[in-house]
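A.B. asks: based on what follows, work out the 3D shape:
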Amino acid sequence: MPDALNITVVDHPLVQHKMTHLRNKDTPVAHFRNLIREISLLLCYEITRDLPLTTRHIETPVAPMEAPILKGKKICFVSILRAGNGLLDGMLDLMPSARVGHIGLYRDPDTLVAVEYYYKVPQDIGDRLTIVVDPMLATANSAIAAVQRLKDGGAKNIKFLSLVASPEGVKAFNEAHPDVATYTGALDSHLNEYGYIVPGLGDAGDRIFGTK
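C.D. replies: This is a model prediction of the structure:
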């Protein structure tokens, strides 16, 4: 992987173990959903590692102390519909006070270009760290469009989180948004002629919702 790619592959053994079960084509829908919930929590832990802290005066049962606490406004998770919703549960388990936004995009089957049909985020998005979530960073067309839409709406501090990414998608995303750090559970081999990640895990939305 070229050093120029702005991506962090979370290679924690638990993530990699769960990713193997997630990829398996015989994993049933209910187990697939649970795995995504568990993996997304672990990935969220990594992507929030550098959150700023301040202190607050508290008293423990033993003594007073200045205790660390998150500084400023908290996070906004933004799901790229529909598959991004599969990652929200695990992330909200870790940060239940986070705000949640949604961007509806679908990929034109002929051009693979992302087409927007829905957009709803908090009004103070510019004051929050915004973490955009989508299981797959394949062609990156949807991710690029979603991040640009957020920037146009005032978001200034953005990160992107996926389960699996392709080198082609990472390169395209980096070129479009070099200021946005990308985190993923796996960087796979390549895209096939249909724009799917190889070896990948298939269509994440269909596997989450059991629609195929």
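
A.B. asks: where in the chain is pLDDT low?
C.D. replies: For the chain, the stretches flagged by pLDDT under 70 are 1-5, 112.

A.B. asks: for it, what spans make up the helices?
C.D. replies: Taking DSSP state H, the helices of the chain run over residues 13-23, 29-47, 85-94, 141-152, 167-176, 204-209.

A.B. asks: so which of those helices is nearest residue 134?
C.D. replies: Nearest to residue 134, of all the helices of the chain, is helix 141-152, at 6.0 Å by Cβ to Cβ. From N, CA and C alone the C-beta is placed, and that goes for glycine too.

A.B. asks: going by neighbour count, list what's buried in stretch 76-89.
C.D. replies: Using 16 or more other Cβ atoms under 10 Å as the test for burial, stretch 76-89 gives 76-88.

A.B. asks: quick check: of the residues you listed, which lies closest to residue 30?
C.D. replies: residue 86 (12.6 Å).

A.B. asks: and that closest one, what is it in contact with?
C.D. replies: By Cβ atoms under 8 Å, 6 or more residues apart in numbering, the contact set of residue 86 is 33, 36, 40, 135, 204-205, 208.

A.B. asks: nearest to residue 127, out of the residues you listed: which one, please.
C.D. replies: Taking the contacts of residue 86 together and measuring to residue 127 by Cβ to Cβ, the closest member is residue 40, at 24.0 Å.

A.B. asks: which of the buried residues of stretch 76-89 sits closest to residue 175?
C.D. replies: residue 80 (19.0 Å).

A.B. asks: quick one: stretch 102-111 to chain centroid distance?
C.D. replies: Distance of stretch 102-111 from its chain centroid, counting by Cα atoms, centre = their mean, to the nearest Å, is 17 Å.

A.B. asks: ugh, wrong one, stretch 22-36
C.D. replies: Mean C-alpha position of stretch 22-36 versus that of the full chain (Cα atoms, centre = their mean) differs by 18 Å.

A.B. asks: what's the first-to-last distance across it?
C.D. replies: End-to-end span of stretch 22-36 (Cα to Cα, to the nearest Å): 8 Å.

A.B. asks: which of the residues in it are buried?
C.D. replies: In terms of neighbour count (16+ other Cβ under 10 Å), stretch 22-36 has its buried residues at 22-23, 27, 32-36.

A.B. asks: dump the residues you listed to JSON lines, plus distance to residue 192.
C.D. replies: Listed next are the buried residues of stretch 22-36 as JSON lines, based on distance: Cβ to Cβ, whole Å:
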{"residue": "22", "distance to residue 192": "19"}
{"residue": "23", "distance to residue 192": "15"}
{"residue": "27", "distance to residue 192": "21"}
{"residue": "32", "distance to residue 192": "21"}
{"residue": "33", "distance to residue 192": "25"}
{"residue": "34", "distance to residue 192": "28"}
{"residue": "35", "distance to residue 192": "23"}
{"residue": "36", "distance to residue 192": "22"}
